[in-house]
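Colleague: Kindly return the folded structure for what I paste below:
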Amino acid sequence: MKVGIIRCQLTEDMCPGSTDFKIASEGTRAFEETGPVEIIGFLSCGGCSGKKSVTRAKMMVDRGAEAIVFASCMKNGNPIGFPCPHFAAIKEAVEKKLGPGIRIADWTH
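Modeller: Okay, here's the model as predicted:
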């Protein structure tokens, strides 16, 4: 399976995303059901309020992503313990834009 990952722009300087890449290649944690996946894109939300997430998710789907996965920094606040206050609206907007044919996951690790 090919996935696109969207992460919080505010955590980019604290987290290089190495755990996301590791678990994706191993097929662990959020990827246990699918097994190892190929990451075809790893983009930020574009910064608060995350409005660029919709167009970035669509771009990754257009380039072959079969699923969009939100990195754990979005919903769970890893590594700083501060989840995105806009996460629910971002996820809902992405789901609406992509439709039911694209799997959406709201965490990685």
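Colleague: CA atoms for contacts and neighbours, from now on please.
Modeller: Will do.
Colleague: Nearest the middle, which residue of the protein would you pick?
Modeller: Phe70 (2.3 Å; C-alpha atoms, centre = their mean).
Colleague: so who does Trp107 touch?
Modeller: Going by C-alpha atoms under 8 Å, 6 or more residues apart in numbering, Trp107 touches 30, 69-76.
Colleague: ok, these vs Pro36, which is closest?
Modeller: Ala30 (10.3 Å; C-alpha to C-alpha).
Colleague: Chain neighbours aside, what residue packs nearest to that closest one?
Modeller: Leaving aside its sequence neighbours, Ala30 sits nearest to Thr108 (C-alpha to C-alpha, 6 or more residues apart in numbering; 5.0 Å).
Colleague: how about that neighbour, phi and psi?
Modeller: With angles defined as degrees, to the nearest 10, Thr108 sits at phi -120, psi -50.
Colleague: Show the contacting residues for it.
Modeller: The contact partners of Thr108, by C-alpha under 8 Å, 6+ apart, come to 20, 23, 29-31, 69-72.
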